[in-house]
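1. Only the shape, not the letters, is given here:
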Ligand code: AMP
Ligand code: MN
Ligand code: MN
Ligand code: MN
């Protein structure tokens, strides 16, 4: 079971991806994915569709989500895998986490207008598939369409990020609550793409220590956001903290994502894959 093509991180139109859950399932199957999870940001509204589509393609499925968390004044993403998608507590927690997005988006648009880029709120909304989930990605897509930047990565370099126009700080869920919602719904909490956070060594140690103390059990080691050197670094941290390891592309869109579904190196074979721990949660 251990060496399989698992891809446990991607996004659909239910959050900030451009493909529907059914289209992602078909693409995953075409790319040879054997175990898949759809992990929309702060949202599990696509889970039943994704599981049904996976079944129709004969691929295995774990429920998934990616929860936005504020830790040490930074945004950290915590993946939930293998939970009960009908958990009322998880649904309520995610609903509260999504709650501030519209207000934040309006403030982002005001800042961008002041910087000479009008109409971004209405523009971003054209790309939104779920009215409760307007994200920076939707702004970035519109700003490419409007000719402000050539590609979305350039938008994030020049706008929408700390120190740049269109950045609105936001308080997301607490680490403790995110881990609790996932684990109490029967799932496993996994720190997503840890190399992406601008933490000092002490802050990173605190993140892993507190995550573990709250009941977190996994870390993403092989992801589209990591370099091969980072695979090794977080393999070491997984061993140090006794965490299972996950693998996921973080695929969002054929035009934007560098890493397609299922197209990643295998996990280092010295690690325990999350799918071994979650074997009885696989659909
Ligand atoms: P939000 O949850 O609205 O803050 O948006 C976060 C999303 O923006 C992430 O999940 C990514 O999809 C996207 N994003 C963040 N930083 C970058 C970046 N540097 N390049 C491309 N996309 C990014
Ligand atoms: Mn995203
Ligand atoms: Mn993320
Ligand atoms: Mn993601």
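-> Ah, there it is. Only a predicted model underlies this, so the values are computations on that prediction, with no experimental measurement involved. Ligands and ions are numbered 1, 2, ... in the order given.
2. does the residue nearest to residue 215 when sequence neighbours are not counted sit in a helix or strand, and which one?
-> Using CB to CB, 6 or more residues apart in numbering and skipping residues adjacent in sequence, the residue nearest residue 215 is residue 183, 4.8 Å away. Any C-beta I mention is one placed from the backbone N, CA and C, and that applies to glycine too. Per DSSP states H and E: residue 183 is located in helix 175-184.
3. quick one: the residue of the stretch 151-283 of the chain found nearest ligand 1 from residue 137, how far?
-> Closest contact between the stretch 151-283 of the chain and ligand 1, by CB to the nearest ligand atom, is at residue 156 (3.4 Å). According to CB to CB, to the nearest Å, residue 156 and residue 137 sit 9 Å apart.
4. between the two, which one's more packed in?
-> residue 137 (25 against 18; other CB atoms under 10 Å).
5. Mind giving me the packing neighbours of the helix or strand where the more buried one lies?
-> Using DSSP H and E, residue 137 maps to helix 136-145. Judged by 3 or more CB pairs under 8 Å, 6 or more residues apart in numbering; DSSP states H and E, the packing partners of helix 136-145 are helix 101-114, helix 120-125, helix 152-158.
6. Could you check the angle the longest one makes with helix 136-145?
-> Regarding helix 101-114 and helix 136-145, their directions subtend 30 degrees when assessed with axes from the mean of the first three to the mean of the last three CA atoms, to 10 degrees.
7. Pull out the buried positions in helix 101-114.
-> 101, 104, 105, 107, 108, 109, 111, 112 (16 or more other CB atoms under 10 Å).
8. what's the distance between the nearest residue to residue 18 once chain neighbours are set aside and ligand 3?
-> Leaving aside its chain neighbours, residue 18 sits nearest to residue 253 (4.0 Å; criterion: CB to CB, 6+ apart). In this view, residue 253 and ligand 3 are 14 Å apart by CB to the ion, to the nearest Å.
9. Quick check: phi and psi at the residue of the stretch 1-150 of the chain found nearest ligand 4.
-> Nearest residue of the stretch 1-150 of the chain to ligand 4: residue 66, at 4.8 Å (CB to the ion). As for residue 66, its main-chain torsions (degrees, to the nearest 10) stand at phi -130, psi 110.
10. Please name the residues that touch the residue of the stretch 1-150 of the chain found nearest ligand 1.
-> Distances between the stretch 1-150 of the chain and ligand 1 by CB to the nearest ligand atom are smallest at residue 135, namely 3.2 Å. Residue 135 sits next to 15, 16, 41, 101 when contact means CB atoms under 8 Å, 6 or more residues apart in numbering.
11. go with 6 Å
-> With contact taken as CB atoms under 6 Å, 6 or more residues apart in numbering, residue 135 is in contact with residue 16.
12. mind pulling up the phi and psi values for it?
-> With angles defined as degrees, to the nearest 10, residue 135 sits at phi -120, psi 170.
13. so what's the residue of the stretch 151-283 of the chain found nearest ligand 3 closest to, chain neighbours aside?
-> Closest to ligand 3 within the stretch 151-283 of the chain is residue 192: 4.9 Å, counting by CB to the ion. Spatially, and ignoring its direct neighbours in sequence, residue 192 is nearest to residue 77 (3.9 Å; CB to CB, 6+ apart).
14. can I assume the one you found sits in a strand?
-> Yes. Under DSSP: H, G, I helix; E, B strand; the rest coil, residue 77 sits within a strand.
15. hang on, it packs against residue 194?
-> No. Using CB atoms under 6 Å as the test, residue 77 is too far from residue 194 to be in contact (9.5 Å).
16. follow-up on the earlier one: same for whichever helix or strand comes after the helix holding residue 183, what does it pack against?
-> Sequence order places strand 188-191 as the next helix or strand after helix 175-184, per DSSP H and E. For strand 188-191, the packing partners by 3 or more CB pairs under 6 Å, 6 or more residues apart in numbering; DSSP states H and E come out as strand 74-81, strand 218-223.
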